[in-house]
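Colleague: Need a 3D model of the following:
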Amino acid sequence: MKIAVTYDNERIFQHFGHTEQFKIYDIENDKIISKTVIGTNGQGHGALSSFLSERDVDVLICGGIGGGAINALNELGIKLFGGVSGDCDEAVQAFLNNELAFNPNVRCSHHDHEHGNGEHTCGEHGCGKGSCRHD
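Modeller: Below is the predicted model:
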């Protein structure tokens with residue numbers, strides 16, 4: 001099995017569509033046998049789902065994610081565990097131990113507004129315009 005985590009400096013990056021790197025874990029017998037950080041080559045949103053599929057990823061752990069990306073992942077058979085934050089390695093280990101705290105209904109709906117500096121992290125809105133729904 002392969003698990004991908006949106007990655008930024010050992011932490012789970014909080015916006016799937018803007019992630020510049022994934023940390024990919026190869027798993028055998030519920031143990032991590034290798035982990036590699038790979039760049040996305042500037043791909044975004046819809047292309048990232050295909051990027052993961054081309055690398056035979058089975059599971060994605062991420063923070064916020066939009067509805068279009070969720071649909072694309074579903075179509076490709078990649079299982080999503082969204083609404084996760086914290087350390088990448090710890091999240092994967094929690095997943096392997098069936099202890100990962102995630103939000104099955106996570107949705108980001110902020111693609112229609114701009115932030116002053118172009119940066120965005122779901123769950124840390126300060127602009128009052130976007131929203132991550134965690135029902």
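Colleague: Quick test: name the residue nearest the centre of the chain.
Modeller: Note on the chain: the residue nearest the mean C-alpha position is residue 62, at 2.5 Å, using C-alpha atoms, centre = their mean.
Colleague: Surely that one and residue 85 touch.
Modeller: No. Judged on C-beta atoms under 8 Å, residue 62 makes no contact with residue 85 at a distance of 9.7 Å. For the C-beta atoms, the positions are set from N, CA and C on the backbone; glycine is no exception.
Colleague: who touches both of these two?
Modeller: 12, 14 (C-beta atoms under 8 Å, 6 or more residues apart in numbering).
Colleague: where does this structure dip in pLDDT?
Modeller: 44-46, 107-135 (pLDDT under 70).
Colleague: now with 90?
Modeller: 41-47, 66-68, 103-135 (pLDDT under 90).
Colleague: quick one, helices of the chain?
Modeller: Counting by DSSP state H, the chain has helices at residues 46-54, 67-76, 88-96.
Colleague: Contact partners for residue 73?
Modeller: 49, 52, 60, 79-80.
Colleague: still on that earlier bit, can I get the helices of the chain in JSON lines with distance to residue 6?
Modeller: Output for the helices of the chain, formatted as JSON lines (distance: least, C-beta to C-beta, whole Å):
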{"stretch": "helix 46-54", "distance to residue 6": "9"}
{"stretch": "helix 67-76", "distance to residue 6": "11"}
{"stretch": "helix 88-96", "distance to residue 6": "8"}
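Colleague: Would you check how far apart residue 30 and residue 12 are?
Modeller: 20 Å (C-beta to C-beta, to the nearest Å).
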